[in-house]
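*Asks:* Would you be able to build a 3D model of this:
(2 chains)
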There are 2 protein chains.
Amino acid sequence: MLVVIGGVAAGLSAAARARRIDSRLDILVLEKGRVISYGACGLPYFVEGRVRDPKQLIVYTPEYFRKERNIQVRTGARVVSISHPRREVVLESGERIGYDRLVIATGARCDSAGIAGTDQPHVFTLHTLDDAERMRRFIVEKQPRHALVIGAGYIGVEAADALRRNGLRVTIAERSSHALLRDDPEFTAAVVRHLELHHVEVRLNTAVNSIADIPSDLVVVAAGFKPNVELAATAGIDLGRTGAIATDDRMETNLRGVFAAGDCAETMHVVSGHPAWIPLGTTANKTGRVAGANAAGARERFSGIAGTSIVGIFGIAFATTGLSVAEARAAGFSPASARIESHSRPRYYGGTKTTVELIADRATRRILGGSVIGEDGATGRINVIASAVQTRMRVDDFEQLDLAYSPPFTPVWDPLLIVAQQLMKDL
Amino acid sequence: MLVVIGGVAAGLSAAARARRIDSRLDILVLEKGRVISYGACGLPYFVEGRVRDPKQLIVYTPEYFRKERNIQVRTGARVVSISHPRREVVLESGERIGYDRLVIATGARCDSAGIAGTDQPHVFTLHTLDDAERMRRFIVEKQPRHALVIGAGYIGVEAADALRRNGLRVTIAERSSHALLRDDPEFTAAVVRHLELHHVEVRLNTAVNSIADIPSDLVVVAAGFKPNVELAATAGIDLGRTGAIATDDRMETNLRGVFAAGDCAETMHVVSGHPAWIPLGTTANKTGRVAGANAAGARERFSGIAGTSIVGIFGIAFATTGLSVAEARAAGFSPASARIESHSRPRYYGGTKTTVELIADRATRRILGGSVIGEDGATGRINVIASAVQTRMRVDDFEQLDLAYSPPFTPVWDPLLIVAQQLMKDL
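*Replies:* Numbers count the residues shown, from 1 in each chain, chains lettered A, B, ... in the order given. Down below sits the predicted model:
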């Protein structure tokens, strides 16, 4: 019997993959919420009103898993403890369920404990479908006029965008000096400039101790993000130095037969070589697959993350991968960087402004990271840099990449090649 | 004195790069046409009428090169012979110009010699700005109703698209069984289906011996593409087995101090390991840069091409890189392939159908090539595959790429990762 705790991205990826590996294994997924398999990254677009039916965000139902995959799924099933010596989990109801292998995919949450007033009805987090439905209803019914968003990470800026499009005045308060979790002053400045252009007020270096600090009719807490590790820690599972669950590259914890995946687990960063905790849906799915495969008896490994992310803010993509210059320096590299502004396509074919940064190590010439800001083509460009980061490509090889060219899509000198040429002058 | 023969992509890249390497070198570019530095790949969009002013396709003028780069440029200067023993080139006018180093960037042409009737005024090629202006004028003034396009390569299908959008009935006749030069029956079938959907008639395996074979009011000859090598060959420069000028990886020919770049030269294909002749603007610029650098005394190398290309046909991108299954087999590999149909983005965020093929070698698991067909995101996806091809990435590593995800841009499982998972099942 394989028990999976958590029925969103990582948990369901694990269950589905385990079924593919072993068609006869008993698989049970326990989800504490009332729905499974929703696209959590789509929640801001539901708050915005662009996605009208929450069902659009639900990929699979428990019935689907039961009928099509022979996987049992129980919703409203909150696990309150794990007893590994007995190989069983205990539900809130007191029910005990035995397992041979266990996958922990308990996710993460916004912890608003340090902020006074967050128990009030106009304060929201944006983590579950319930959260999003509550917030959408509040916007429609109460017509709030001024929103405070705490945190300038992905969810914070996406929420700000969604609220602004609903006509609210929006203030973002961010404790650190960074936007989008990137220690990169120029990137942060570009994010802030773009938010301000769309009349979002951004206050960096601003700790909110009470929601009364900045008066508003609606508060989104999108800070204090933490992995849900209490269940695991209590069961004797080691946490890593990031505070998330430590695993090996098979996603197995220190307890044999117990795996962890998704937002509750840390992963190896391919550039720094150190464990990192960067909770994203893509990583959740990938680590879930690996955990599920190994829990079902295969031997697969997860090779780590490059830390690639993208977020759309009022129609412009802000994308990063690998390490920023400051982060690379902190990780012991000697980074060189070039940042250029170019066009996404030929001007005669409607190209728009694109900013690309590429970072390489002076000693090895290996590409360490980069960022792309632009209206079109940013995804593809950051993905090429991400591939280079992950394969330890040297900038000399990057500069010679044979990238596609045709006027409706790209300029003949892609911004990626221009920035690489620029970077090579400095190496 | 550095003399460059040809003032479009490769020639001007060579001249500009040589200037960066050596600020005091005398540099002279000889261009037989009346304009330089035009985006030849933009010509179909001028024929279409989307680009209204031919000046939009001209990137730099001779004056720009003279004033800003201290590079002399002569237009209307056709070189008729090269005497390497004397280190001089001879112009049509009889004028002789001495050189120390020479870059040959004479480009390519459509050879319609085998087709009867191509001397008539309603028959066009689409290779120079003059060609495009003549064709556009003919369309506007003569209002032709039925066009015959000979050749289903990039220029042929782009011309067909441009003419169709001007209301003409269009028939494409292609001698081979392939569209877009790819030996891939499924890819060709997709191209043909899409052309037919937009009421372009496509006849494969159809050799046109006379333009009278298929009656029409306008003919575009976009076949019989050949490198312009006569000048080089007469001067004793070796051609490769592709028929284009052979060079080493510094773009130097068998004559010391004489370099070749762009559409007239062959290049190493990074997958087959053999010289290939795939004339494209991106390769022209890159090989031009390398030739110019080396001609100016630097030591740079061109690492080869992956054969990446993309073409837009009625709003859908058709992109390929590396080798097709048939081409890989012919090159001695044992290819496995997966082809999937997926969505470019989450359906709730307007994702459209995307077809991706990924090909790897069974023995080494190395990625050999792939193709992407879709309305959005095709460029970025083919570029990720191209990077993998060029860095000899294994499919096992490709499957773990940390690609960007956010609903406005991509699905959580990018089609690239889905196709890699599919391919791994078959390896």
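*Asks:* Give me the distance between A:Gly351 and chain B.
*Replies:* Distance, A:Gly351 to chain B, using C-beta to the nearest C-beta, to the nearest Å: 12 Å. Backbone N, C-alpha and C define where each C-beta goes, glycine included.
*Asks:* wait, I meant A:Gln120
*Replies:* As judged by C-beta to the nearest C-beta, A:Gln120 and chain B stand 30 Å apart.
*Asks:* Apart from its neighbours in sequence, what residue is nearest that residue?
*Replies:* Nearest non-adjacent residue to A:Gln120, counting by C-beta to C-beta, 6 or more residues apart in numbering or on different chains: A:Ile211, 7.1 Å away.
*Asks:* and the one you found, what is it in contact with?
*Replies:* A:Ile115, A:Ala116, A:Gly117, A:Thr118, A:Gln120, A:Val123, A:Leu148, A:Ile150, A:Val219 (C-beta atoms under 8 Å, 6 or more residues apart in numbering or on different chains).
*Asks:* can you check A:Ala132 too?
*Replies:* A:Leu43, A:Pro44, A:Phe46, A:Val47, A:Pro54, A:Leu126.
*Asks:* Now do the same for the closest residue to A:Pro335 other than its chain neighbours: helix, strand or coil?
*Replies:* Nearest non-adjacent residue to A:Pro335, counting by C-beta to C-beta, 6+ apart: A:Ala328, 3.9 Å away. Per DSSP: H, G, I helix; E, B strand; the rest coil, the local secondary structure of A:Ala328 is helix.
*Asks:* gap between A:Ala328 and A:Val389?
*Replies:* Between A:Ala328 and A:Val389 the distance is 11 Å, computed by C-beta to C-beta, to the nearest Å.
*Asks:* A:Arg87 too?
*Replies:* 40 Å.
*Asks:* These two: which is more packed in?
*Replies:* The neighbour comparison of A:Arg87 against A:Val389 (other C-beta atoms under 10 Å in any protein chain shown) goes to A:Val389, with 28 against 17.
*Asks:* Quick check: closest non-adjacent residue to the more buried one.
*Replies:* Per C-beta to C-beta, 6+ apart, closest to A:Val389 is A:Gly322, 4.1 Å.
*Asks:* on that earlier part again, mind putting the contacts of A:Ala132 into JSON lines with neighbour count and distance to B:Val8?
*Replies:* Shown next, in JSON lines, are those (neighbours: other C-beta atoms under 10 Å in any protein chain shown; distance: C-beta to C-beta, whole Å):
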{"residue": "A:Leu43", "neighbour count": "27", "distance to B:Val8": "51"}
{"residue": "A:Pro44", "neighbour count": "30", "distance to B:Val8": "47"}
{"residue": "A:Phe46", "neighbour count": "25", "distance to B:Val8": "51"}
{"residue": "A:Val47", "neighbour count": "27", "distance to B:Val8": "52"}
{"residue": "A:Pro54", "neighbour count": "17", "distance to B:Val8": "55"}
{"residue": "A:Leu126", "neighbour count": "23", "distance to B:Val8": "53"}
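*Asks:* ok, the residue nearest to A:Val389 - contacts?
*Replies:* A:271, A:306-308, A:328, A:359, A:367-370, A:385-386, A:389.
*Asks:* try 6 Å this time
*Replies:* With contact set as C-beta atoms under 6 Å, 6 or more residues apart in numbering or on different chains, A:Gly322 has these partners: A:Val271, A:Ala306, A:Leu368, A:Gly369, A:Val389.
*Asks:* about what we covered before: go through the contacts of A:Ala132 and flag which are in strands.
*Replies:* Using DSSP state E, no member of these sits in strands.
*Asks:* ok, how many other residues are close to A:Gly273?
*Replies:* A:Gly273: 11 neighbours (other C-beta under 10 Å).
*Asks:* Just say helix, strand or coil for it.
*Replies:* Here A:Gly273 is recorded as coil under three-state DSSP.
*Asks:* Could you check the pLDDT of it?
*Replies:* Per-residue confidence (pLDDT) for A:Gly273: 95.
*Asks:* same question, A:His127
*Replies:* 88.
*Asks:* again, but for A:Val258
*Replies:* 98.
*Asks:* now do the one 10 residues further on
*Replies:* Per-residue confidence for A:Met268 comes out at a pLDDT of 97.
*Asks:* Helix or strand: which one has it?
*Replies:* Assessed by DSSP states H and E, A:Met268 sits inside strand A:267-268.
*Asks:* Listing partners with orientation, what would you give for that strand?
*Replies:* strand A:275-276 (antiparallel) (DSSP bridges).
*Asks:* what does the strand it pairs with rub up against?
*Replies:* Contacts for strand A:275-276 (C-beta under 6 Å, 6+ apart): A:Gly240, A:Thr242, A:Glu266, A:Met268, A:His269.
*Asks:* Now tabulate these in JSON lines and tack on neighbour count.
*Replies:* Converted to JSON lines, the contacts of strand A:275-276 look like this (neighbours: other C-beta atoms under 10 Å in any protein chain shown):
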{"residue": "A:Gly240", "neighbour count": "18"}
{"residue": "A:Thr242", "neighbour count": "16"}
{"residue": "A:Glu266", "neighbour count": "25"}
{"residue": "A:Met268", "neighbour count": "17"}
{"residue": "A:His269", "neighbour count": "22"}
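*Asks:* what about the residue nearest to A:Pro335, neighbour count?
*Replies:* With other C-beta under 10 Å as criterion, A:Ala328 counts 23.
*Asks:* Now do the contacts for whichever residue of the stretch 1-150 of chain A sits closest to chain B.
*Replies:* Using C-beta to the nearest C-beta, the single residue of the stretch 1-150 of chain A nearest to chain B is A:Gln56, 4.2 Å away. Going by C-beta under 6 Å, 6+ apart, A:Gln56 touches B:Tyr348.
*Asks:* do the same with A:Pro54
*Replies:* A:Pro54 touches A:Leu129, A:Glu133, counting by C-beta under 6 Å, 6+ apart.
*Asks:* For it, give me the pLDDT.
*Replies:* Looking at A:Pro54, the pLDDT reads 85.
*Asks:* What of A:Asp100?
*Replies:* At A:Asp100, pLDDT is 98.
*Asks:* can you map out the helices along the stretch 51-200 of chain A?
*Replies:* A:62-69, A:129-142, A:154-164, A:185-197 (DSSP state H, counting those that start in this stretch).
*Asks:* What ranges does the stretch 1-150 of chain A have for its strands?
*Replies:* A:2-5, A:27-30, A:72-74, A:79-83, A:88-91, A:96-98, A:101-104, A:108-110, A:123-124, A:146-150 (DSSP state E, counting those that start in this stretch).
*Asks:* With mean neighbour count added, can I get these in TSV?
*Replies:* Output for these, formatted as TSV (neighbours: other C-beta under 10 Å):
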stretch	mean neighbour count
strand A:2-5	28
strand A:27-30	23
strand A:72-74	19
strand A:79-83	17
strand A:88-91	18
strand A:96-98	13
strand A:101-104	30
strand A:108-110	20
strand A:123-124	22
strand A:146-150	26
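*Asks:* By mean pLDDT, show me the worst of those.
*Replies:* Averaging pLDDT over each of the strands of the stretch 1-150 of chain A puts strand A:108-110 lowest, since it has a mean of 91.
*Asks:* Enumerate every residue touching the closest residue to chain B within chain A.
*Replies:* Nearest residue of chain A to chain B: A:Gly380, at 1.5 Å (C-beta to the nearest C-beta). The contact partners of A:Gly380, by C-beta under 6 Å, 6+ apart, come to B:Thr379, B:Gly380, B:Asn383.
*Asks:* what about stretch A:383-401, start to end distance?
*Replies:* 13 Å (C-alpha to C-alpha, to the nearest Å).
*Asks:* Distance from that stretch to the middle of the chain?
*Replies:* In this view, stretch A:383-401 has its centroid 23 Å away from the chain centroid, taken as C-alpha atoms, centre = their mean, to the nearest Å.
*Asks:* Right, I'll leave it there.
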